Every structure is written in structure tokens, then in C-alpha cells.
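Enquirer: Take this sequence and fold it.
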Amino acid sequence: RVELAITCELRGPRGELPARHTQRVTVLASGAVALENVADVTASETESLARVGLRFRVPRAAAAHVRWYGRGPHENYPDRRRSAGVHVHSQTAEALGEELTKGYVYPQACGARTDVRWLAVQPSPGPAASSDAPGLLICGSQPLSFALLPASDEAIEAAAHPHELLNAPGTEADSPLHLSIDHRSMGVGGDVGWLRTVRPEYMVPAGTHRWTLILSPLAGATGQDDLLAAAAPVLPPDLIDRVQRSVVHEATPWSRRVATFWLPAPPVKRAVAVAVWAAAAPLFVSWMWAALMGSGEQDGMMGGGPGR
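Expert: Residues are numbered from 1 along each chain as shown. Model (predicted):
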């Protein structure tokens, strides 16, 4: 058993720290890998985060076929999923990629499948899956969502028309596919034609998000029983306890929001900012007090005339 921790920080132009992602990687003797994730987003400039999750690049030949136990077979989202039944679905990566180049007038993130209990990525369906090109099985501590597309989020954002993605860098025949595994994702909204709002229950709030992924190798597992057996790897008791005790989401305290977006991150700049705030606070209070007293005196003068 091997464990290691990885921390990634996202800093703003002033040195503030609006987001931090910590990942604890545990490699088990069975070959499975546990990814314990903590995404700490202090605040967001928008009302909701678009997604909280991980992105993978997988070889195109090793991810030619996908099977999942969740909602499908068509794409669905948190507020657009009632028509998608929960079953074991299968699809080719080529068909999933066509949703990006043929399904929309403007390139945009698409192809999501929600409420996924497990996801199997394999070179080919049925008996053609061989042990020399094993697949990958992905499970989550909570139901997750996934999308498998031939272009990255950056390429989709830069393209203005679908045909531009066919020749974009990174979309060649031998380039990897882009697999998104999301713990939380925002709804698409638009249930009222003249509004683009997303209902509050389908938004992803800022705060601390915790989730765990289990990645297990599939060596020639083709049958339903094989996948179900591989979907339940033997985990150490301490790891199970740690996952079960973790709080899925915690809101960010207001004090941390103020400290993040009003105080620069480096210690020296932070000390200078605190000194400036301490010096300016009495002046601000005295100015407010004078303004209130002045308005009170004016009200008294205006109302002090003789009665009629």
C-alpha cells in the first residue's frame, strides 16, 4: 500500500487564493487506486460553479467502448434527466464524440451522463477485450457524472463552429480522448424560454467539496458479473471509515471570503493591508458619525418651525 498527497492551488492576479485542490492517492495491493479529493473553493464570481471534478486523458484505442450503470443512453444533466432511465448502457467513444460535432450549432460542453454508479472504459466490447489491453473501471463514493469527448474544454471554448473541432490540435486520430469525471455539475436551465436561469437546487455552490474515486484495472472483464465483481474492490477499513466520515460539502465561512478577496496572500502584503485597514477604520467611523449627526441637525432645523 502506497499513499501520497498532491495539492494544486489557483491564485488570482493579486495573489489571493480562491481555490485549492488536495488529492490523496492510495495505491492498493489489488491494483486499485483510491483518489480522495478535497476541492476548496472560497468563493466564485458567478452564482454557481459549472463543475467540480477531475479530467483525464485516455488513449483513444484503450477507450473505444464505454459501459456505465447510470442514466442514459442519451445525454442528461441534473435538471434534464427524467427521460433517461437508470440501466447498464453501452456506447462507442466515436458515437459519444459525435454529440459534440453534430449535436449543437455552437461548440459547447456536452455529452454528460449523470447518476453513474460505475463506468467501464474498454478497448472494445464483448469477448474482444483482452488482458494485454486492460480496461479501467471507475466508481465513486457518490453517484457521479461523466463525459467522453474528442476535444478538450480549452479547444471547445476556442472554437466558434463545430467543423473547427475536427481539425483542432489534439483531435487527430492518434490523439487521446478527454474524459471528465464530475462530482457535481450545474444544470443547464432554460426551462422558461425567455430566461436562462438555473434553479437553485441545480446549482453548485462554493465551499469545500469532498469525494472519492476508485480506479480498478479490468483485465478481460466482459460479462456483467465480472464488472460487478470488479466494481467492489476490497478497501482497507481505515480508508472506508475516512470516506464515510468525510462531509460532502461545507459552505465557506464569511471571514475566509473577506480574507481571500480583500487581503493579498503574501505575508508582507497581508500585514501592510491589515495596517491600512486598521488606520482607515477610525477615520471611516468618525466620518459616518459626523454624517449622521449632521443629518440629524438638519432634520431638527427643518421641523422646528412654528406650528399652524
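Enquirer: What ranges does the stretch 151-300 of the chain have for its strands?
Expert: For the stretch 151-300 of the chain, the strands defined by DSSP state E, counting those that start in this stretch cover 177-185, 207-218, 249-250.
Enquirer: Pairing partners for the last one, with directions?
Expert: It refers to strand 249-250. Using DSSP bridges, strand 249-250 pairs in its sheet with strand 207-218 (antiparallel).
Enquirer: pLDDT on the strand it pairs with, on average?
Expert: Mean pLDDT, strand 207-218: 89.
Enquirer: relative orientation of it and strand 177-185 in degrees?
Expert: When axes from the mean of the first three to the mean of the last three Cα atoms, to 10 degrees is applied, the directions of strand 207-218 and strand 177-185 differ by 140 degrees.
Enquirer: what about strand 207-218, distance to the chain center?
Expert: Here strand 207-218 is found 12 Å from its chain centre; the criterion is Cα atoms, centre = their mean, to the nearest Å.
Enquirer: Next: stretch 138-153.
Expert: With Cα atoms, centre = their mean, you get 10 Å for stretch 138-153.
Enquirer: Tell me the spacing between the closest residue to V2 other than its chain neighbours and H21.
Expert: In space, and not counting its chain neighbours, V2 is closest to V27: 4.3 Å by Cβ to Cβ, 6 or more residues apart in numbering. Placement of C-beta: from N, CA and C, glycine included. Separation of V27 from H21 (Cβ to Cβ, to the nearest Å): 19 Å.
Enquirer: and the two? which has more neighbours close in?
Expert: For V27 versus H21, neighbours defined as other Cβ atoms under 10 Å are more numerous around H21 (17 against 14).
Enquirer: If that one is in a bridge, with which residues?
Expert: For H21, the beta-bridge assignment (DSSP bridges) gives partners C8, A39.
Enquirer: low pLDDT regions in the stretch 101-250 of the chain?
Expert: Low-confidence segments of the stretch 101-250 of the chain (pLDDT under 70): 125-134, 168-171, 173, 192-196, 219-236, 243-247.
Enquirer: Which parts of it are helices?
Expert: For the stretch 101-250 of the chain, the helices defined by DSSP state H, counting those that start in this stretch cover 153-158, 162-166, 224-230, 237-245.
Enquirer: ok, now how distant is the residue positioned nearest the centre of the chain from P176?
Expert: Centroid-nearest residue in the chain, with Cα atoms, centre = their mean: V52, separated by 1.2 Å. Distance of V52 to P176, given as Cβ to Cβ: 23 Å.
Enquirer: what's the answer for G135, then?
Expert: For G135, the distance to P176 equals 15 Å [Cβ to Cβ].
Enquirer: the more surrounded of these two?
Expert: Shown here are G135 and P176; by other Cβ under 10 Å, G135 has more neighbours (25 against 17).
Enquirer: Just list whatever residues bridge to that one.
Expert: L218.
Enquirer: So it sits against W118, correct?
Expert: No: with contact defined as Cβ atoms under 8 Å, G135 does not count as touching W118 (11.8 Å).
Enquirer: Wait, a strand at the residue nearest to the centre of the chain?
Expert: Yes: the assignment for V52 is a strand, going by DSSP: H, G, I helix; E, B strand; the rest coil.
Enquirer: Name the nearest residue to it, sequence neighbours excluded.
Expert: Spatial nearest neighbour of V52, chain neighbours left out: R184 (4.4 Å); criterion: Cβ to Cβ, 6+ apart.
Enquirer: Now L96: closest residue in space that isn't a chain neighbour?
Expert: Nearest to L96 is L148, by Cβ to Cβ, 6+ apart, at 5.0 Å.
Enquirer: In this structure the one you found contacts I138, no?
Expert: No: between L148 and I138 there is no contact under Cβ under 8 Å: 11.3 Å.
Enquirer: sorry, back to before: quick one: the residue nearest to V52 and H209 touch, right?
Expert: Yes: counting by Cβ under 8 Å, R184 does reach H209; the two are 6.4 Å apart.
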